[in-house]
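Student: show me how the following folds:
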Amino acid sequence: MDHHRDARSRCVVVLVSLESGHVMSVWAENNRERFRELNNKYMRSEKGRAVNQRANVKYRAKNITKTRAHTAVRDAVRRGDISAPTRCDECSEEKRLHAHHDNYLYPLDIRWLCSPCHQEWHDNNEALS
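Tutor: All right, here's what the predicted structure looks like:
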């Protein structure tokens, strides 16, 4: 655990969430619903939207191949060239699915995975680009 001082010079204990891997304060970990509520309010604010927009621009600039692959899939789905199945390619569960790329150099070569299978794949593998 790391200790950091926030803007009000109060000691804040920071930890990494075991579930998501995100850095969270102990308060946020113990008050997840309130934290989500406050975070959502912030992200809807002018400042929050500006911060998010800058982060997205930075991510897209750093991950051009990934961004192009995601855009190609999104556009193909919108045009009707690709349709998402109703069952996960890995576990066959009927859930909301993610278009997963094993290799971003082949943008339309995708597998449809549910969130748990998608997370498991990324925990055990690394996408090629």
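Student: phi, psi of the closest residue to residue 95 other than its chain neighbours?
Tutor: In this structure, residue 95 finds its nearest non-sequential neighbour in residue 114, 4.1 Å apart by Cβ to Cβ, 6 or more residues apart in numbering. Using the backbone N, CA and C atoms, a C-beta is placed for each residue, glycine as well. Dihedral pair for residue 114: phi -70, psi 170, per degrees, to the nearest 10.
Student: repeat that for residue 85.
Tutor: Per degrees, to the nearest 10, the backbone of residue 85 is at phi -70, psi 180.
Student: on that earlier part again, give me the neighbour count for the residue nearest to residue 95.
Tutor: Residues near residue 114, counting by other Cβ atoms under 10 Å, number 20.
Student: cool, and residue 67?
Tutor: Residue 67: 15 neighbours (other Cβ under 10 Å).
Student: how close does it get to residue 74?
Tutor: The gap separating residue 67 from residue 74 is 10 Å, by Cβ to Cβ, to the nearest Å.
Student: same question, residue 44
Tutor: Residue 44 is 23 Å from residue 74, by Cβ to Cβ.
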